[in-house]
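Asks: No letters, just coordinates:
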DNA sequence: CTGCGGCTATGAGGGCGGCTCATGGATCCG
DNA sequence: CGGATCCATGAGCCGCCCTCATAGCCGCAG
């Protein structure tokens, strides 16, 4: 029956400690004392009856319970921001305030710019921020789930399942193509260039059906590096369309035919932010921009 | 750049003032003084730079901005509850805490009991509360949208559209049947008994296709009153199946044939609550109980 | 018109929570 | 062993929020 109150300041302390990895560093970030942080964390732990951080020489690491508290806390803080912003703005059509977007590299470079441009034209008071997140491990969906971003541009695949507490939709399904140095006599003799985020779960099955395999495989840092290696004549690569927009003239792109592998790209957000005017506006622009794709593509995530 | 903090207590005050319709009444509900409420509201308004309530002899009514603040505030408070509950509970499979359900009368009486029984068996620590809400005007969906309930059992019809910021799904489609006093020689000669919530948008089109119309129409308070009037021989009625479960033996029910009108009953909740373990558990039980209905029924609400 | 009974607004004062300051204790490192 | 770098803890102070008491406003009844 003991109803527990967590003040916004307390939530900020939790988040800061988790992100800075220690009480002292968190205190610096918050412009307060290490002592205040220590007292506050202790008080919160007593209120909740749960230990939230493991303390040690290293600083402080969240326990599982602490991790849950932090990620919920970030969301609550974000909702409080939204409350203030949407309460202040007179007309409901008026959208303002920050909007944090997490995207993998090629989406941030080639998908988002035109969308954000039109979004800015329609809602000048909106302040979008794009953070590039490696689409490995938790990826962009993880950034959203932990409250570090409001909306993520993600690839929907079996390799990294989307957390069930998120909602989202597929925006487009894009094909992989073969890219190789322009005018090369025998592209198939070149080594295949791959990169970390291309978990190849998309392309693995496709390769299995082919009657030839590349002579060698080279790994690169990211898809941009892959593309520059290909354009330098160092190899060939199988890359998704988004990574190939703006490919240099020294490369040649050939379609892989009807059985080519594809990947689905979409957005992910938290349920509470999906109701936000800012997120809705961005989703609207994203959908409008991705219109070319037939909407026969089934959404992967359910309403509830 | 002034980052504004709203303490949970302040949010509770906003919500209480909006729901009680005045500062004094809100103070009573919160177990504090009218003065504290007045000071708090003034302080919040100064922090936000917006007038949240119109004051008058009548008490206090929220301005549009105030209404936005209140509805966001309720959600933030709910999220704080969730934070505490999920931080404390060790395993994520463990569901506990209050769960507020809004349902129209016949659903509360005939649909929910078996569902809640199985829910209680599976999650003993869950404390469901059912509130009966008239399915007129905003109805159960309104109760959910305003944060007074976590989940609503609603009828999906054209008459009262569901607010776009909610999510939900259809659970079952149930037929209307004719109910009349048992053994009556000519039921059609009896007056038709109708009730407020039966907005008749479901049945109107059906009546239009019939070759007879009832001699007279009587209005009753609710579907329970209608049923008792019918059983007393005072009239006949067109009622949905849920209202007819447990109808007394003195009534007779006749199917209306293949073209009978039907209505769709489902659940409605807010996106942020849809991610909650408690709501998910309830939805799971609701779906399991409503299984008989073919799931070919398309969901009416979208994911975002 | 005047007193009464609803409201809310406002000022003064007090208690308590959260902050700072200073210090202590633990642990690693050279 | 001293120093560095963490977090913990106690004392004291300050500000916020609450209570109490009172004032102002309006409608209503006699």
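Replies: Received it, and whenever you're ready, just let me know what you need. This structure is a prediction, so every number in the text was calculated from the model and none was measured.

Asks: Spell out, range by range, the helices that occur in the stretch 151-300 of chain A.
Replies: Here the stretch 151-300 of chain A has its helices, by DSSP state H, counting those that start in this stretch, at A:201-208, A:223-231, A:241-244, A:271-274, A:277-289.

Asks: Tell me which of those helices sits most buried.
Replies: helix A:271-274 (a mean of 24; mean count of other C-beta atoms under 10 Å in any protein chain shown). Using the backbone N, CA and C atoms, a C-beta is placed for each residue, glycine as well.

Asks: Which elements pack onto that helix?
Replies: helix A:64-88, helix A:277-289, helix B:271-274 (3 or more C-beta pairs under 8 Å, 6 or more residues apart in numbering or on different chains; DSSP states H and E).

Asks: thinking again about what came up before, now tabulate the helices of the stretch 151-300 of chain A in a markdown table and tack on mean pLDDT and distance to residue B:223.
Replies: Putting the helices of the stretch 151-300 of chain A into a markdown table (pLDDT from 0 to 100; distance: least, C-beta to C-beta, whole Å) gives the following:
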| stretch | mean pLDDT | distance to residue B:223 |
| --- | --- | --- |
| helix A:201-208 | 66 | 54 |
| helix A:223-231 | 87 | 62 |
| helix A:241-244 | 90 | 56 |
| helix A:271-274 | 84 | 33 |
| helix A:277-289 | 93 | 37 |
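
Asks: Can you add distance to residue A:144 and give those back as a markdown table?
Replies: Shown next, in a markdown table, are these (distance: least, C-beta to C-beta, whole Å):
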| stretch | distance to residue A:144 |
| --- | --- |
| helix A:201-208 | 21 |
| helix A:223-231 | 22 |
| helix A:241-244 | 19 |
| helix A:271-274 | 8 |
| helix A:277-289 | 10 |
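
Asks: So for residue B:83, which of these sits nearest?
Replies: Residue B:83 sits nearest to helix A:271-274 of all the helices of the stretch 151-300 of chain A, at 12.1 Å, using C-beta to C-beta.

Asks: Look up the closest residue to residue A:268, ignoring the ones flanking it.
Replies: In this structure, residue A:268 finds its nearest non-sequential neighbour in residue A:168, 3.8 Å apart by C-beta to C-beta, 6 or more residues apart in numbering or on different chains.

Asks: Please report how far that neighbour lies from DNA strand C.
Replies: Distance, residue A:168 to DNA strand C, using C-beta to the nearest atom of the strand, to the nearest Å: 36 Å.

Asks: sorry, back to before: out of the helices of the stretch 151-300 of chain A, which is closest to DNA strand D?
Replies: helix A:271-274 (24.6 Å; C-beta to the nearest atom of the strand).

Asks: Number of residues surrounding the closest residue to residue A:228 other than its chain neighbours?
Replies: Residue nearest to residue A:228 in three dimensions, not counting chain neighbours: residue A:248, with 8.0 Å by C-beta to C-beta, 6+ apart. For residue A:248, the neighbour count with other C-beta atoms under 10 Å in any protein chain shown is 11.

Asks: which stretches of the stretch 151-300 of chain A have low pLDDT?
Replies: Within the stretch 151-300 of chain A, the stretches with pLDDT under 70 are A:158-160, A:196-197, A:199-205, A:207-209, A:212, A:215-216, A:291-300.

Asks: residue in it nearest to DNA strand C?
Replies: Taking C-beta to the nearest atom of the strand, the stretch 151-300 of chain A has residue A:272 as its residue nearest DNA strand C, at 24.8 Å.

Asks: Of all residues in the stretch 101-250 of chain A, which one is closest to DNA strand C?
Replies: Counting by C-beta to the nearest atom of the strand, the stretch 101-250 of chain A gets nearest to DNA strand C through residue A:147 (20.8 Å).

Asks: got a list of what that residue touches?
Replies: Residue A:147 makes contacts with A:15, A:71-75, A:77-78, A:270, as judged by C-beta atoms under 8 Å, 6 or more residues apart in numbering or on different chains.

Asks: Let's have those residues in a markdown table, adding distance to residue B:194 and neighbour count.
Replies: Below are these laid out as a markdown table (distance: C-beta to C-beta, whole Å; neighbours: other C-beta atoms under 10 Å in any protein chain shown):
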| residue | distance to residue B:194 | neighbour count |
| --- | --- | --- |
| A:15 | 56 | 23 |
| A:71 | 51 | 22 |
| A:72 | 47 | 23 |
| A:73 | 51 | 26 |
| A:74 | 51 | 22 |
| A:75 | 46 | 26 |
| A:77 | 50 | 18 |
| A:78 | 47 | 22 |
| A:270 | 44 | 28 |
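
Asks: Please tabulate those residues in TSV, including the columns distance to chain B.
Replies: As requested, these are exported to TSV (distance: C-beta to the nearest C-beta, whole Å):
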residue	distance to chain B
A:15	12
A:71	9
A:72	4
A:73	6
A:74	10
A:75	7
A:77	9
A:78	10
A:270	7
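
Asks: Perfect, I'm done here.
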